[in-house]
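In: Task: produce atomic coordinates for the following.
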Amino acid sequence: MVTRRRRSRLTITAQEQLVRHFVAATPARAAAQVVGVNRHTATSYYHRLREVIAFNLSLATPELLAGEVELDESYFGGHRKGKRGRGAPGKVPVFGLLKRGGKVHAVMISNASRATLMPIIKQRVKPDSVVYTDSFAAYDVLDVAGFRHHRVNHRERFVDRRTHINGIENFWNQAKRYLRRYNGVPSANFHLYLKECEWRFNYRPAAKALIVLRTWLAQSPVAGRSVPGGQTGGRPAPDS
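Out: I've put the predicted structure just below:
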């Protein structure tokens, strides 16, 4: 959720440069050095951009995914001794849905139980769609829930013709590789970073992501802020 903050003291030029560096995935500390601002200012501005992204993704009309949809859950967190994957302590569980050839939708979940996953699936996936999962027991109910369910047993193989979940696993790999640079993300802000990864995946390439982010900044809901690109937003977003 976007929170109201005071107007930025950054110049429009500095804001535009920081937006470009953010889209290019330049770390905030390095961007601060290039733009010539305090590193805390750059970090705060990056945080605001993540808030704007999460806010606008939450406003988007939920699109019912149809056709072929891949479902999978994953676990985010630092490397540690002991169990990995499902049931590992100290990990953040996330559920993802990806339309083949389309967008991904990722959401934090409390657990990966059937009771948690099914309401999300029914809300986001059109009935009679073809859904692909692994052999996790929580997905068994999909066989009788109005979907055409295909599963791949990863103990035997990862791909069986069109039966695979390589698309959503590719998103997990990209997201974890991107987040690894932070050496840990505070749990209170993890959802912002998750939505940033979703935005980066859905609005590729970077030139498209830059256009989308500029548009969202121009339409953002806190009054009195000039927007990078020379516009003045009537309802701009908060910043540092």
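In: Which parts of this structure belong to which domain?
Out: Dividing the chain into domains by automatic domain parsing, as the record does, gives the ranges 12-61+185-233, 68-179.
In: low-scoring pLDDT stretches of this structure, where are they?
Out: 1-8, 61-62, 78-90, 154-160, 221-240 (pLDDT under 70).
In: one more time with 90, if that's ok
Out: Low-confidence regions of the chain, defined by pLDDT under 90, span residues 1-9, 58-64, 77-91, 143-146, 152-163, 181-188, 219-240.
In: Can you identify each of the helices in it by residue range?
Out: In the chain, helices defined by DSSP state H lie at 12-23, 28-35, 39-59, 114-124, 166-179, 190-202, 206-218, listed in chain order.
In: now the domains of the chain as a markdown table including mean neighbour count?
Out: Where you see a C-beta, it was placed from the backbone N, CA and C, and this is true even at glycine. Supplementary listing: the domains of the chain in a markdown table, determined by neighbours: other C-beta atoms under 10 Å:
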| stretch | mean neighbour count |
| --- | --- |
| domain 12-61+185-233 | 17 |
| domain 68-179 | 16 |
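In: hmm, back to that, which one, of the helices of the chain, ends up nearest to Leu98?
Out: Nearest to Leu98 among the helices of the chain is helix 166-179; the distance by C-beta to C-beta comes to 4.3 Å.
In: which strands and helices sit next to the closest one?
Out: When contacts are defined as 3 or more C-beta pairs under 8 Å, 6 or more residues apart in numbering; DSSP states H and E, helix 166-179 sits against strand 68-76, strand 92-99, strand 104-108, helix 190-202.
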